[in-house]
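Asks: Please find the sequence and the predicted model below.
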Amino acid sequence: MLLIPCPFCGPRDETEFRYGGQAGVPYPAGETTDAEWAAYVFTRDNPKGWFHERWFHAHGCRTWFTVERHTLTQEIR
Amino acid sequence: MTRPSTHPDFLWRDPGPRPSYDVVIVGGGGHGLATAYYLARNHGLTNVAVLEKGWLAGGNMARNTTIIRSNYLWDESAALYEHALKLWEGLSEELDYDLQFSQRGVLNLAHSLGDVREGRRRVEANRLNGVDAEWLDAAEVKKFCPVIDVSDRPRHPVMGATLQRRGGIAKHDHVAWALARRADAYGIDLIQGCEVTGFEITGGRVTAVRTSRGRIAAGKVALAAAGHTSVLAELAGFRLPLQSHPLQALVSELLEPVLDCVVMSNAVHVYVSQAHKGELVMGAGIDAYNSYGQRGGVHVIEAQMAAALELFPIFSRVRVLRTWAGIVDVSPDASPIIGRTPVENLFVNAGWGTGGFKATPGAGWVYADTIAHGRPHPLAEPFALERFTTGALIDEHGAAAVAH
Ligand SMILES: Cc1cc2nc3c(=O)[nH]c(=O)nc-3n(C[C@H](O)[C@H](O)[C@H](O)COP(=O)(O)OP(=O)(O)OC[C@H]3O[C@@H](n4cnc5c(N)ncnc54)[C@H](O)[C@@H]3O)c2cc1C
Ligand SMILES: [Zn+2]
């Protein structure tokens, strides 16, 4: 079970949150090819290591925020 | 000390890597082993190595809840999973090994009107595709599986179920051992403790893999690494639309036989069967976040057990023996990715997510054919990577995403 640091409420149990996947995925600028569009819609990083990701404090202050979590050790920094 | 005479001989050799092979398969799970077996059996290719970073079939192959069925919604999936199910039906005999394949019937429960409509639609779709399927109302569910509570309780009433009588379970370890034994007999090297750490790519074509046990030249390289495929793809310089998540399962203490079919429920996130030995085997949905940690949240297990108790009040005093997780690779349309990659001679079989065990022989069959001929097998063609660009998705979330 993860202990997730909400910037407003402090560290809270994972069950209070919704997961939002990779953080900071940019909307493609200008003209895009089909392949670029597909990559934007469907493909996200999936590293075995440090990962910037979005969490939503659904059962708390209802803020979206970004954390950096290690996908193997579950360490959050 | 001499070995006791009752102890079986080893089922396969434990060779070290040779400097080069025609085909190198990355990942010694069920899919890698089935692919190796069919490369030899169907295509006469035996200069093949299966490289496994851990021990043979110690990944998801050893961790799954062993449910086998083919009642998927769309034509493409029904064709692929039914091909697998037909192979399962002859596989014990073919491999000369008791896979404990038991066609005890799989129920998929409906708890809402929406579920009922989806279930009935799937039954009709299955029949059109030649897949056996029946719709049971609540009373018929009770008759088929007496330990289910079908009373009219408000939370998750059982309103009916789809039934695939040819579905069931098999003993996953036996499947892996039987395939390994046959692949080995063909002369294929099953190499354990050998992690692929990189690829040599010249002019857009893969020529070798780098491993923890040295460089191995390869005519063709075939990924069969389940949850770790995107890690490997990144080493080869391309991205895949896959996310890796923990998927948990648990077993109870041993019980007398109480449940002689497989019961699944998407809505309440639990699926249950009773293993031959007597444990209740239970699984649920994936943990929400990406992880390679091979353990998940306790709350997921709690929710799954709460769901199980709703359906089976008689399990209320059963004790949990152990829980574990595997890392599954989930694709955006909950269907696998099989075929070519942007790197020539590098093939991919991945994205089976929570439900690839049932496909093991079928996946091996079509993947071996794809590798041998360098073009997709007709059953694999719709599952190519290109579908994410063309938009021809095979959306099996209803039939695949949570349940198996
Ligand atoms: C808890 C759980 C329950 C499930 N229940 C069901 C079910 O009831 N029915 C069903 O149909 N499916 C089920 N599945 C899904 C099914 O187990 C998988 O889809 C299927 O096993 C994937 O194919 P595989 O057997 O080859 O994978 P794996 O057995 O995971 O094989 C992949 C292998 O690749 C190896 N590997 C990874 N990276 C490298 C590398 N760099 N170098 C060398 N080797 C590498 C791994 O060590 C692993 O052994 C379940 C999965 C889990 C986790
Ligand atoms: Zn908060």
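Replies: Nice, thanks for sending it over. Residues are numbered from 1 along each chain as shown, chains lettered A, B, ... in the order given. Ligands and ions are numbered 1, 2, ... in the order given.
Asks: Quick one: list the elements packing against the helix or strand bottoming out on mean pLDDT in chain B.
Replies: Ranked by mean pLDDT, DSSP states H and E, the weakest helix or strand in chain B is helix B:298-311, scoring a mean of 92. Packing contacts for helix B:298-311, counted by 3 or more Cβ pairs under 8 Å, 6 or more residues apart in numbering or on different chains; DSSP states H and E, involve strand B:243-254, strand B:262-265, strand B:270-274, strand B:279-286, strand B:320-330. In short, each C-beta sits where N, CA and C put it, glycine included.
Asks: for those, which one sits closest to chain A?
Replies: In terms of Cβ to the nearest Cβ, the element of the helices and strands packed on helix B:298-311 nearest to chain A is strand B:243-254, at 5.4 Å.
Asks: Adjacent strands (with direction) for that closest one?
Replies: strand B:279-286 (antiparallel), strand B:320-330 (antiparallel) (DSSP bridges).
Asks: Just the CA trace of it, in PDB.
Replies: Only the C-alpha atoms of strand B:243-254 are listed here, as PDB (Å, rounded to 0.1, in the frame of the first residue of the first chain):
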ATOM      1  CA  GLN B 243       1.500  -0.100 -19.300                       C
ATOM      2  CA  SER B 244       2.700  -2.600 -16.700                       C
ATOM      3  CA  HIS B 245       0.600  -3.200 -13.600                       C
ATOM      4  CA  PRO B 246       0.600  -5.600 -10.700                       C
ATOM      5  CA  LEU B 247      -2.100  -8.200 -10.800                       C
ATOM      6  CA  GLN B 248      -2.700 -10.100  -7.600                       C
ATOM      7  CA  ALA B 249      -4.100 -13.500  -6.800                       C
ATOM      8  CA  LEU B 250      -4.500 -15.600  -3.600                       C
ATOM      9  CA  VAL B 251      -5.200 -19.100  -2.500                       C
ATOM     10  CA  SER B 252      -7.100 -20.400   0.500                       C
ATOM     11  CA  GLU B 253      -6.300 -23.300   2.700                       C
ATOM     12  CA  LEU B 254      -7.300 -26.700   1.200                       C
END
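Asks: From start to finish, how long is stretch A:46-65 in a straight line?
Replies: 19 Å (Cα to Cα, to the nearest Å).
Asks: okay, now residue 15: neighbour count?
Replies: Here I'm looking at chain A. Here the neighbour count serves as a burial measure; for residue A:15 (other Cβ atoms under 10 Å in any protein chain shown) it reads 16.
Asks: that's the other chain; I wanted chain B
Replies: Residues within reach of residue B:15, counting by other Cβ under 10 Å, total 14.
Asks: Looks to me like it is in a strand.
Replies: No. Judged by DSSP: H, G, I helix; E, B strand; the rest coil, residue B:15 forms no part of a strand; its state is coil.
Asks: Would you mind confirming that it is in contact with residue B:192?
Replies: No. The pair formed by residue B:15 and residue B:192 falls short of the contact definition of Cβ atoms under 8 Å, at 9.5 Å.
Asks: secondary structure element for residue 31?
Replies: In the absence of a named chain, chain A is used. Applying DSSP states H and E as the criterion places residue A:31 outside every helix and strand.
Asks: Switch to chain B, please.
Replies: Secondary structure from DSSP H and E places residue B:31 in helix B:30-43.
Asks: Is that helix in proximity to ligand 1?
Replies: Yes. Part of helix B:30-43 sits near ligand 1 under the criterion Cβ under 6 Å from any ligand atom, namely B:30-32.
Asks: Would you mark the buried spots in that helix?
Replies: Within helix B:30-43, the residues that qualify as buried by neighbour count (16 or more other Cβ atoms under 10 Å in any protein chain shown) are B:30-41.
Asks: So what angle separates the directions of the least confident helix or strand of chain B and strand B:243-254?
Replies: With axes from the mean of the first three to the mean of the last three Cα atoms, to 10 degrees defining the directions, helix B:298-311 sits at 50 degrees from strand B:243-254.
Asks: and for helix B:298-311, what are the contacting residues?
Replies: By Cβ atoms under 8 Å, 6 or more residues apart in numbering or on different chains, the surrounding residues in contact with helix B:298-311 are A:1, A:14-15, B:109, B:148-149, B:153, B:155-156, B:158, B:248, B:250, B:263, B:265, B:268-270, B:272, B:282-285, B:287, B:315-316, B:320, B:323.
Asks: same deal with stretch A:61-74?
Replies: In contact with stretch A:61-74 (Cβ under 8 Å, 6+ apart) are residues A:2, A:4-9, A:20, A:23-24, A:47-57, A:75-77, B:244, B:289-293.
Asks: Contact partners for residue 38?
Replies: Unless you meant another one, I'm taking chain A. Taking Cβ under 8 Å, 6+ apart as the definition, contacts of residue A:38 comprise B:241, B:388-389.
Asks: not what I meant, chain B
Replies: By Cβ under 8 Å, 6+ apart, the contact list for residue B:38 reads B:364-365, B:367-369.
Asks: So it versus chain A, what's the distance?
Replies: Here the distance between residue B:38 and chain A works out to 28 Å (Cβ to the nearest Cβ, to the nearest Å).
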